[in-house]
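Undergrad: Output the structure for:
(2 chains)
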Amino acid sequence: MALILVGLNHRTAPIGVRERLSIADAQLPVMLTELKAIGGIDGASLLSTCNRVEAIVSASNEDVIDSIVKWLSERSGAHRTSLEKHLYVLRYEDVIKHLFRVASGLDSMVVGEPQIGGQVRAAFLIAQRCGSLDSLLERLFEGTMRVAKRVRTDTGIGEHAVSVPYAAVELARKIFGDLRGLQALLLGAGEIGELTAEHLNGFGLRQIFVANRSHESAQQLASRFNGQAIYFEGIDPYLATCDIVIASTAAPHYLIEPPQIERALAARRMRTLFLIDLSVPRNINPDVAKIDGAYLYNIDDLQQVADSNRELRREKAEKAETIVAREVENFRHRLVAQDAVPTILELQQRLESIRTAELEKTLRKLGPITAEQRESIEMLTTQMVNKILHYPILRLKDSEPHERESLRETIRKIFGLR
Amino acid sequence: MSPNATLYLALAFYAAGTIVALATLFARGRHAQHAGLALMIGGWVSHTIWIGTICARTGHPPLTNLPEAASFVAWTVFLAELVLFIRYRVHAASFFVYPLVLMLLTISAVVREPFAQMDPSLRSGLFTTHVLLSTVGVAALLVGLAFSTLAFVQDRALKSKHRGALWEWIPSLNVCRTLSYRTLAVGFSIYTLGILAGILWSYRTTSELIDLRVKQIGGVVAWILFAILLQSYISGVYRGPRTAVISACAFLATVIAILGIHRV
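TA: Residues are numbered from 1 along each chain as shown, chains lettered A, B, ... in the order given. Just a heads-up that it's a prediction; the model follows:
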């Protein structure tokens, strides 16, 4: 049995090629049926995300690779030769390792990104629903999801934000914990400020107030968050009621000065205030950071957080690679052992039937014997059979994938199994 | 088997648990944190057996002398930490609570005078109430201080924009402050009731409100400092470094009060 993966990803193919091969979720059942219909394929699955398209199949032999490449080239409308230079083909152990790495986020454009785990799971569920998986692929996907979960739990690889808006969210959560029920004030309509507010809003903010020089723009932006537009000149009362302030305007001077924050904090009874200044030039006087209860981060601070998180992810990725390597080995052993089970059972049954038949013949020849004597003979023959079986079974279980098939065939021939 | 065998076993577990937990400051392994917690729980079970042995042998709560009181405070501190861990999953508190528990039980092991029979004059419900409430109150206050320290460390990290070794382990600033405030408020209330019961018992037995010895002075100073700390939380006028200084002084006064318990 061969396990094969044919695909391309963000490293091997430009977006122009990836988008031609990309498969929408709704199309997946039809594509899976087509793929499985290729002669020699026993089980098929497709993983299609914005960064990769991969066909993972189990087949009786490796001849199917050519057919898969042909199928991919036909459905993408690309010349086979031009497509082939972007494709990679993986076999057996490399497929297992690749899938484990992909689902753990180790092969992603942004290492450790969490979405890919869900995408692999979705690919598995769709293939399962379509009935295109065989037992080998079922086990592979189940193992993959288990490993991905383990990597994330043990290393916490996806926990740290690697973009400025997410770094702001991470810091907000480090200050407030739960963001639900909090209020935010967005000053200006800068793109990054808007993005940050959007990410924060995703964590369940109660209300977002938007202030802009142009009140019309403020209203438009506020409607996106179901927020409320306020006048720029009247922000002071909102500093006292909002927990997070995001400044992202083009103003060439400070819009928020320390006395405003001192007054706001006094009114808040010293409840913490998180200020995010994403503007260049800065809109919040840096002296605000000296006030107790106010936490001020500018764009450079957030970039630094994102950079150090990236470094942290790299460290965690190394640990994750070790886990993946160990899990690949474990999975391979389990797979080999499970694959060998039918042959082992057949072998045991065959030898047991020989033992029983020969024992009966001998006992008939011997005539009457005591129960103890019979038990001794039974034990002797059983032990002999077990000893004979020991090494063939051990070799079968420990064999490398490439030699297992021939070993199994040899054993079947030697012992006369069907 | 020596009745103190369970004490030494608890001490060994606590020492191992503390070392493993502190090692995670560098290794950042969640499994190691869990292993540290498991060792501490093992120590606590053994500790419980030792306390039970004292109660069974002497017929009174294990609060007669310094080793017993220190041991009971350690036992209660870890119980409070365990309850808070189960509820809030705050790993970082272990960096302060585990060494504290270890330190208190080490006092019990070094100063060997457990299993002392209680002076008959002390066998009164009011006295037992005083000692029990004071001990439980002190334990809660110490846990409150641990969370207050975490809040301080987190505040400094956020202000300085430099994450320390504890960054990943400490929950949000709000959680630290809320837990610190709640445990301090509960501990302070219980501790105050304990002091009042002690004053009442003292007045009944000696006609004096308070006998000013080291433990009493330490206890009263700690009470005042905890009151200031709590007041700063309630009024919302906490200041990072100021809170840290008061917390450190309150901790010191509490330790002096505990060490002052030679014989009640």
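Undergrad: confidence score at residue 255?
TA: All of this refers to chain A. Note for residue A:255: predicted pLDDT of 91.
Undergrad: Not quite, go with chain B.
TA: At residue B:255, the pLDDT value in this model is 81.
Undergrad: same question, residue A:129
TA: Here the pLDDT value assigned to residue A:129 is 92.
Undergrad: Apart from its chain neighbours, what residue comes closest to it?
TA: Of all residues not flanking residue A:129 in the chain, residue A:29 sits nearest, at 7.6 Å (Cβ to Cβ, 6 or more residues apart in numbering or on different chains). To be clear about C-beta, it is placed using only N, CA and C from the backbone, and glycine gets the same treatment.
Undergrad: Let me see the contact set for the one you found.
TA: Neighbouring residues of residue A:29 by Cβ atoms under 8 Å, 6 or more residues apart in numbering or on different chains: A:126, A:129, A:130.
Undergrad: element containing it, please.
TA: Per DSSP states H and E, residue A:29 falls inside helix A:28-36.
Undergrad: Now tell me what touches the helix or strand following that helix from outside.
TA: The helix or strand immediately downstream of helix A:28-36 is strand A:41-48, counting by DSSP H and E. Residues outside strand A:41-48 that contact it (Cβ under 8 Å, 6+ apart): A:1, A:7, A:21-24, A:28, A:31-32, A:35-36, A:53-60, A:64, A:102, A:119-120, A:123-124, A:127, A:132-138, A:141.
Undergrad: Okay, now the unreliable bits of chain B?
TA: By pLDDT under 70, the low-scoring segments of chain B are B:1-3, B:27-29, B:112-122, B:209-212, B:214, B:237-240, B:261-264.
Undergrad: What residue in it comes nearest to chain A?
TA: residue B:172 (3.4 Å; Cβ to the nearest Cβ).
Undergrad: count of neighbours near that residue?
TA: For residue B:172, the count of nearby residues is 19 (other Cβ atoms under 10 Å in any protein chain shown).
Undergrad: what do you get for the one 5 residues further on?
TA: Residues contacting residue B:177 under the criterion other Cβ under 10 Å number 21.
Undergrad: For it, which non-adjacent residue is closest in space?
TA: Closest residue to residue B:177 apart from its sequence neighbours, by Cβ to Cβ, 6+ apart: residue B:151 at 4.8 Å.
Undergrad: what's the offset of the helix or strand the one you found falls within from the middle of its chain?
TA: Counting by DSSP H and E, the element that carries residue B:151 is helix B:125-160. Between the centre of helix B:125-160 and the centre of its chain there are 7 Å (Cα atoms, centre = their mean, to the nearest Å).
Undergrad: list the contacts for residue 105?
TA: Here I'm looking at chain A. Neighbouring residues of residue A:105 by Cβ under 8 Å, 6+ apart: A:111, A:112, A:113, A:114, A:116, A:117, A:148, A:151, A:152, A:157, A:158.
Undergrad: should've been chain B
TA: Counting by Cβ under 8 Å, 6+ apart, residue B:105 touches B:7, B:10, B:11, B:14, B:47, B:70, B:71, B:74.
Undergrad: Can I get those in a markdown table including distance to chain A?
TA: Below are the contacts of residue B:105 laid out as a markdown table (distance: Cβ to the nearest Cβ, whole Å):
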| residue | distance to chain A |
| --- | --- |
| B:7 | 36 |
| B:10 | 30 |
| B:11 | 31 |
| B:14 | 26 |
| B:47 | 31 |
| B:70 | 34 |
| B:71 | 35 |
| B:74 | 30 |
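Undergrad: coming back round to it: chain neighbours aside, what residue packs nearest to the residue of chain B closest to chain A?
TA: residue A:177 (3.4 Å).
Undergrad: wait, isn't the one you found in contact with residue B:176?
TA: No: the pair residue A:177 / residue B:176 is not scored as a contact, 9.2 Å apart, by Cβ atoms under 8 Å.
Undergrad: Pick out whichever of these two has more residues nearby.
TA: Comparing residue A:177 with residue B:176 by neighbour count (other Cβ under 10 Å), the higher total belongs to residue B:176, at 26 against 16.
Undergrad: For whichever strand or helix holds the more buried one, list every residue counted as buried.
TA: Following DSSP H and E, one finds residue B:176 within helix B:173-206. For helix B:173-206, burial by neighbour count (16 or more other Cβ atoms under 10 Å in any protein chain shown) applies to B:173-181, B:183-188, B:190-195, B:197-198, B:201-202.
Undergrad: part of a helix, is residue B:91?
TA: No: assignment of residue B:91 by DSSP: H, G, I helix; E, B strand; the rest coil gives coil, placing it outside any helix.
Undergrad: Count the neighbours of it for me.
TA: Burial of residue B:91 is recorded as 20 neighbouring residues (other Cβ under 10 Å).
Undergrad: Please apply the same query to the one 4 residues further on.
TA: Around residue B:95 sit 23 other residues, with neighbours defined as other Cβ under 10 Å.
Undergrad: Phi, psi for it please.
TA: When read as degrees, to the nearest 10, the backbone of residue B:95 gives phi -60, psi -20.
Undergrad: same question, residue B:90
TA: With angles defined as degrees, to the nearest 10, residue B:90 sits at phi -90, psi 100.
Undergrad: How about the one 3 residues further on?
TA: Here the main-chain torsion angles of residue B:93 (degrees, to the nearest 10) amount to phi -60, psi -30.
Undergrad: what's near enough to touch it?
TA: Taking Cβ under 8 Å, 6+ apart, we find residue B:93 in contact with B:81, B:84, B:85, B:143, B:146, B:147, B:150.
Undergrad: Distance of the residue of chain B closest to chain A relative to residue A:373?
TA: 77 Å (Cβ to Cβ, to the nearest Å).
Undergrad: wait, what's in contact with residue 127?
TA: Assuming you mean chain A. A:28, A:32, A:44, A:45, A:46, A:133, A:137, A:141.
Undergrad: nope, chain B please
TA: Counting by Cβ under 8 Å, 6+ apart, residue B:127 makes contact with residue B:201.
Undergrad: Then residue B:99?
TA: Contact partners of residue B:99, counting by Cβ under 8 Å, 6+ apart, are B:18, B:22.
Undergrad: If we look just around chain A, which residues of the stretch 1-150 of chain B are in range?
TA: Residues of the stretch 1-150 of chain B lying near chain A by Cβ under 8 Å from any Cβ of the partner chain: B:30, B:31.
Undergrad: would you list every one of the helices in the stretch 1-150 of chain B?
TA: Along the stretch 1-150 of chain B, counting by DSSP state H, counting those that start in this stretch, helices occupy B:5-27, B:30-58, B:66-88, B:94-110, B:125-160.
Undergrad: Return the residues of the stretch 151-300 of chain A in contact with chain B.
TA: Taking Cβ under 8 Å from any Cβ as the test, the list of the stretch 151-300 of chain A residues beside chain B reads A:153-154, A:156, A:171, A:173-178, A:269-272, A:289, A:292, A:295, A:297.
Undergrad: List buried residues within those residues.
TA: Buried members of these, scored by 16+ other Cβ under 10 Å, are A:156, A:171, A:173-177, A:270, A:272, A:289, A:292, A:295, A:297.
Undergrad: Can you get me a residue count around residue 215?
TA: Since no chain was named, I'll use chain A. Residues near residue A:215, counting by other Cβ under 10 Å: 14.
Undergrad: could you do chain B instead?
TA: By other Cβ under 10 Å, 20 other residues sit near residue B:215.
Undergrad: Contacts only, for it.
TA: B:256, B:257, B:258, B:259, B:260, B:261.
Undergrad: where's it relative to residue A:1, distance?
TA: For residue B:215, the distance to residue A:1 - Cβ to Cβ - is 77 Å.
Undergrad: Just say helix, strand or coil for whatever residue of the stretch 1-150 of chain A ends up closest to chain B.
TA: Taking Cβ to the nearest Cβ, chain B has its nearest neighbour within the stretch 1-150 of chain A at residue A:150, 11.3 Å off. With three-state DSSP as the basis, residue A:150 sits in helix.
Undergrad: quick one: it from residue A:334, how far?
TA: Using Cβ to Cβ, one gets 15 Å for the distance from residue A:150 to residue A:334.
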